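Novice: here is the input, now give the coordinates:
(one chain, ligands or ions: 1)
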Amino acid sequence: MLPLKTICATVKYFPVHWENVAVDEKGVIRPGRKISWGVPHSIDDDDDNEKPHKEEGKPLRFWQQVRQLYFTFEQGKVPIDFYYQYGGILEDFRSESIDEVRKRLDWFRLLTVMVEWAKTGRLAPLWEKFGPPQESKDCKPVFFVNDDSELNIKFSPWISTEAGEVLFHTPKNDEQLLQATWEAVTNAVGKYLDGIRLAPIIQEQPQSGLILWGFIAKGALQAAFLDWFFQEIAHMNVTTCQARGCQNIVLLPRKIFCSERCRQREKKSRQRHNKRTGL
Ligand SMILES: [Zn+2]
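Specialist: Residues are numbered from 1 along each chain as shown. Next up, the predicted model:
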């Protein structure tokens, strides 16, 4: 594998406003006569746009706002204001069915919640999802959500060959539970990312030698997913170089510095520093 050290990527999201949203008798949501392109929506960290606030006064991130829409739909409501501001939740910018939207939002809600549980070590709700340890001769996947669609979250039991017998088993202890959770989550994340386009972005004033890539979000759910992915998942297990002024990713077998050059550079700078301070 060729290790790509650095690619510069951004998330591109152009919401399409849906005005006069209506729901027909089949449960399909559509904009009224008018749709209009919004301005590019930034979902970066320091977004100072006005946002709904939680009780503690901490603004909700875009992905959290989208996640909460699940409950709006569960209450049988359609978030008109959200559609006005951001347009469709799914990929089609002309119409979408309530059932499909609810299903996808349920997927997103559970995916993000499972990651929260895994990161904070809340094992009880995870055990509830996986159920008690099971052993079987058939490989029966454990589905957490949407078992009938491509967009699911599932765990495929591990194979073991004890005493010459082939058996499939689900997690047996806490450590395996976490491992299985990450397996299920990364699997679902990978499948969803596969449907998002990554394309070079033409910049008006390009910096020489820099090609900027963009994940092109179609609809609010893809934008929310990318927002969540880059905040919560992408940087996990990634170490960056400890040399001053270097942000390169450290690839195994290296552990602290990205390269011999950075290691030497940092060593010399430390020696100079020690000399100055007389250590
Ligand atoms: Zn470095």
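
Novice: so residue 217 bridges to which residues?
Specialist: residue 13 (DSSP bridges).

Novice: what is the neighbour count of it?
Specialist: 23 (other Cβ atoms under 10 Å). No exception for glycine: its C-beta is placed from N, CA and C like everyone else's.

Novice: I'd say it and residue 223 touch.
Specialist: Yes: between residue 217 and residue 223 a contact is recorded at 3.8 Å, counting by Cβ atoms under 8 Å.

Novice: quickly list what's touching both of these two.
Specialist: 11, 13 (Cβ atoms under 8 Å, 6 or more residues apart in numbering).

Novice: contact residues of the protein facing the ion?
Specialist: Residues of the chain that fall close to the ion, judged by Cβ under 5 Å from the ion: 241, 243, 246, 248, 258, 262.

Novice: most widely separated two among these?
Specialist: 243 and 248 (8.6 Å; Cβ to Cβ).

Novice: overlap in contacts of those two?
Specialist: 258, 262.

Novice: which one of the two is surrounded by more residues?
Specialist: Higher neighbour count among residue 243 and residue 248: residue 243, with 20 against 15, using other Cβ under 10 Å.

Novice: helix, strand, or coil at that one?
Specialist: Using DSSP: H, G, I helix; E, B strand; the rest coil, the secondary structure recorded for residue 243 is coil.

Novice: wait, what's in contact with residue 13?
Specialist: Applying Cβ under 8 Å, 6+ apart, one finds that residue 13 lies in contact with 40, 41, 43, 217, 222, 223, 226.

Novice: can you check the pLDDT for residue 74?
Specialist: pLDDT recorded at residue 74 is 95.

Novice: report the separation between it and the ion.
Specialist: Distance of residue 74 to the ion, computed by Cβ to the ion, to the nearest Å: 48 Å.

Novice: shaky segments in the stretch 151-279 of the chain?
Specialist: Across the stretch 151-279 of the chain, the ranges flagged by pLDDT under 70 are 252, 279.

Novice: residue ranges for the helices of it, please.
Specialist: In the stretch 151-279 of the chain, the helices defined using DSSP state H, counting those that start in this stretch lie at 174-193, 219-228, 260-277.

Novice: what are the buried residues along the last one?
Specialist: Of the residues in helix 260-277, those buried by neighbour count under the rule 16 or more other Cβ atoms under 10 Å are 262, 263, 265, 266.

Novice: tell me the domain ranges of the chain?
Specialist: 8-122+174-233, 239-279 (automatic domain parsing).

Novice: most tightly surrounded among these?
Specialist: domain 8-122+174-233 (a mean of 16; mean count of other Cβ atoms under 10 Å).

Novice: chain center to that domain: distance?
Specialist: Counting by Cα atoms, centre = their mean, to the nearest Å, domain 8-122+174-233 is centred 9 Å from the centre of its parent chain.

Novice: how long is it end to end?
Specialist: End-to-end distance of domain 8-122+174-233 (Cα to Cα, to the nearest Å): 17 Å.

Novice: for residue 73, which non-adjacent residue is spatially closest?
Specialist: Nearest non-adjacent residue to residue 73, counting by Cβ to Cβ, 6 or more residues apart in numbering: residue 102, 4.6 Å away.

Novice: re earlier: nearest to the ion among the buried residues of helix 260-277?
Specialist: Nearest to the ion out of those is residue 262 (Cβ to the ion; 3.3 Å).

Novice: hang on, the closest one packs against residue 245?
Specialist: No: in this structure residue 262 lies outside contact range of residue 245 using Cβ under 8 Å: 9.4 Å.

Novice: identify the contacts common to the two.
Specialist: With Cβ under 8 Å, 6+ apart, residue 262 and residue 245 have no common neighbours.
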